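Trainee: coordinates only, no sequence provided:
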C-alpha cells in the first residue's frame, strides 16, 4: 500500500507534531540525500516510529489499533503461529464472519498477509499498530501456552497412573505401546512446542525420587519449566526414544540420536542424549533451528576494528579463520555469518560438520557419521578433492584434522573452523599441542576470534552510574582508560566524557521478561596475526605475550568488549563478570 509523499507531508503539517520550520529543513535534507521524508524525521528525532505509523494510517485510510491493554482471545491469536507473528510483526486480534483483522507494523508485508490468508482461509483486513502493542500481544502467546501446558499435564497425567514403577521390567513392545499412548504423545508434543516458543537451547528431563523435573536452558541459564508426577517418567523418556529412533529396552547404557519437527514453518532438529541415573533415565535434547539464517556480524555484536579485521580476512583467498570458546558460546553461528558474506555464485563452499546446525543455500554441507567411517578427517580428505574454494570444518579436535586443515589452507583454500580455547591467543599453543609447526601457523592463520555469550537486557532497563569505589574495583580487572578510548573512537560517549558521567544499566523485571533479560549477544576479541605476532609465534612465546602484543595493536579483549557493551546498555557488568569467570 503506497503512501503518497505529498499527502504524508500535508498530514504531518496538519498534525502539528512537527514545527513548520523543522519540517521544511527535513524536506530539504531528504531531497539532498535522496531519502524519504519519514527517514529524515526519524533520524532527527522529530517523530518516533509509532507517530509515523499513525499518520500513515490516516493517509491510507487504514484503521489504527492500540492493543497495549487488550486481551486477545487465544483461539484468534493462535490463528497465526507465534514464530510467524514474531518474525513479521503481525497479530490476529479480531475474527468476524469470513474476515480476520490483523495488526501490523508494516502493511506492505504482503508475504505475511498471503501466508495468513492461505493458512486461515479468511479475508485479511490489515490494521496498523505500534511496537508496544505487538510486544504485549506476543507476551500473550507465552502466557496462554503456559496455561495450556499446565492444563494438558493436569488432564493427561492422571490417565498414566497405571504405568509400572521405574525399574520394573517391560519389553520393547510394551514400552512402544506406552510411548504411543495419546496422553504421552500430547505431553511430549506440548513440552517440545513450549521449548521452541520459549527459544530454549536445551531441554532436560530429570527423574528424581518422587517426581520428574523438566528444565529449559534459556539464554544460557537453566530454568525449571515443569514438575511432573513420577509416574510419567518412563512414558516420557520412552516417547523421546521413539522419536529419536533409540532402543527402548536399553536402559543401562547411554544412547544418542536425533529427530526433527516442523512447527509453523520453523524446522527444528533435536539432538537427543539419554543417560542412566540413580532414579531412572535422564534425557537431554539440544534444539537446533535449521532455518535460522540471516545473521550478520553486526547483529551478533561485532563492531569497530574487530569487525574490520574479520571483513579483511574474508577478502583473502587462502588461510584460516578460527573461532574459539567453550561449547555453546556461538562459535558455529559466527562461522555461518562469515559464510553468508563469502557465499557468492563464483565460489564453491563445502563443509564437514557435526551436526549440520543451519542449512544454507548453495553450500555443500556434509554430516559426519563416525559409525560408518565418515569422520572429520575422512570428510576433509574428500572435500579437498571436490574443487572447493572455501572449506568449513565444524571443529578441529585432533592432530590429524588440524594437519589436514592447515595443508588445505596452504594449498590455496580459505578454511574456517573452531577450537576449544579460552582466549584468541590461546589458539596458538593449542595448535602447537596438536603438532602444528609454528612456521605453518604463521603461514596459514589470518585471524582468531574468541567469544562468549551474555544475556541481553530488555528495553525496560534502569540507568545508573558507578561510584568512585566501584570504578576503582572495576579498574583492578580492566584498563578503564583503554575502554574509554574505544568508546570515544566509536562515538558511544562524548570525546570529553569521564567515567563518572558514563551510564551503566540494571535489569528491570516486567511483562516482557521475569528477570529483565531477553536473548543473548556476543562479546569478542579478534586477534589479527600481524607481522609482530608472527614473530612472537616463531619464537615460541606464551599466549600472554601474544595477547599483550595484540592489545598494543588495538585488539579489544573479551572483558573490555563486555564493559563496552554494558555502557551501550546491551547487558550488565555482573553478567559480563559471570560469563568471563566461568
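Mentor: Sure, I can see it. Computed from a predicted model, the values in this text were never measured in an experiment.
Trainee: measure residue 363 to residue 269 for me?
Mentor: Per CB to CB, to the nearest Å, residue 363 is found 17 Å from residue 269. Where C-beta positions appear, they are placed from N, C-alpha and C, glycine not excepted.
Trainee: shaky segments in the stretch 1-150 of the chain?
Mentor: Along the stretch 1-150 of the chain, the parts satisfying pLDDT under 70 run over 1-5, 8, 142-150.
Trainee: now with 80?
Mentor: 1-61, 69, 74-75, 81-83, 87, 107-108, 139-150 (pLDDT under 80).
Trainee: how about the helices in it?
Mentor: Per DSSP state H, counting those that start in this stretch, the stretch 1-150 of the chain carries helices over the ranges 5-15, 20-33, 37-43, 49-60, 74-77, 82-88, 110-120, 131-157.
Trainee: and what of the stretch 451-582 of the chain?
Mentor: So, for the stretch 451-582 of the chain - with DSSP H, counting those that start in this stretch - the helices run 468-475, 480-489, 531-538, 543-552, 558-568, 573-581.
Trainee: what residues of stretch 471-490 count as buried?
Mentor: 474, 478, 480, 483, 484, 486, 487 (16 or more other CB atoms under 10 Å).
Trainee: between the residues you listed, which is nearest residue 133?
Mentor: Nearest to residue 133, judged by CB to CB, of the buried residues of stretch 471-490 is residue 487 at 34.6 Å.
Trainee: am I right that that closest one is in contact with residue 565?
Mentor: No. Contact criterion CB atoms under 8 Å: residue 487 and residue 565 do not qualify, at 10.6 Å.
Trainee: quick one, which of the helices of the stretch 451-582 of the chain is packed in tightest?
Mentor: helix 558-568 (a mean of 23; mean count of other CB atoms under 10 Å).
Trainee: quick one: distance of that helix to the chain centre.
Mentor: 19 Å (CA atoms, centre = their mean, to the nearest Å).
Trainee: just the mean pLDDT for that helix, thanks.
Mentor: If you average the pLDDT over helix 558-568, you get 96.
Trainee: re the thing from before, okay, the buried residues of stretch 471-490 in a markdown table with pLDDT and distance to residue 214 next?
Mentor: Putting the buried residues of stretch 471-490 into a markdown table (pLDDT from 0 to 100; distance: CB to CB, whole Å) gives the following:
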| residue | pLDDT | distance to residue 214 |
| --- | --- | --- |
| 474 | 93 | 39 |
| 478 | 93 | 39 |
| 480 | 95 | 44 |
| 483 | 95 | 41 |
| 484 | 95 | 46 |
| 486 | 95 | 43 |
| 487 | 95 | 43 |
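Trainee: and the two most separated of those?
Mentor: Most distant of these, by CB to CB, are 474 and 486, 15.0 Å apart.
Trainee: dump the buried residues of stretch 471-490 to CSV, plus distance to residue 76.
Mentor: Putting the buried residues of stretch 471-490 into CSV (distance: CB to CB, whole Å) gives the following:
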residue, distance to residue 76
474, 50
478, 51
480, 53
483, 49
484, 52
486, 49
487, 47
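Trainee: looking at the residues you listed, which is nearest residue 581?
Mentor: residue 478 (13.2 Å).
Trainee: touching, the closest one and residue 559? I think so.
Mentor: Yes. With contact defined as CB under 8 Å, residue 478 counts as touching residue 559 (5.5 Å).
Trainee: so what pairs up with the residue nearest to residue 330 when sequence neighbours are not counted in the strands?
Mentor: By the measure of CB to CB, 6 or more residues apart in numbering, the closest residue to residue 330 outside its immediate chain neighbours is residue 453, 5.1 Å from it. Beta-bridge partners for residue 453, by DSSP bridges, are residue 522.
Trainee: how many neighbours does residue 453 have?
Mentor: 22 (other CB atoms under 10 Å).
Trainee: likewise the one 5 residues further on?
Mentor: Residue neighbour count, defined by other CB under 10 Å, stands at 18 for residue 458.
Trainee: repeat that for the one 4 residues further on.
Mentor: As a burial measure, the neighbour count of residue 462 was computed by other CB under 10 Å and equals 12.
Trainee: any idea how far it is from residue 260?
Mentor: 41 Å.
Trainee: ok, residue 206 next?
Mentor: Relative to residue 260, and taking CB to CB, residue 206 is found at 24 Å.
Trainee: looking at those two, which one has more neighbours?
Mentor: Neighbour totals were compared for residue 206 and residue 260, and residue 206 leads with 17 against 11 (other CB under 10 Å).
Trainee: next, that one: secondary structure please.
Mentor: At residue 206, secondary structure determined by DSSP: H, G, I helix; E, B strand; the rest coil is strand.
Trainee: list the contacts for residue 275?
Mentor: Contacts for residue 275 (CB atoms under 8 Å, 6 or more residues apart in numbering) come out as 254, 281, 282, 283, 284.
Trainee: in which helix or strand would I find the third one?
Mentor: Read that as residue 282. Residue 282 belongs to strand 280-289 when assigned by DSSP states H and E.
Trainee: and the next element down the chain from that strand?
Mentor: Immediately after strand 280-289, counting by DSSP H and E, sits helix 297-300.
Trainee: what does that next one contact?
Mentor: 307, 310, 311, 330, 333, 334, 337, 338, 341, 521, 522.
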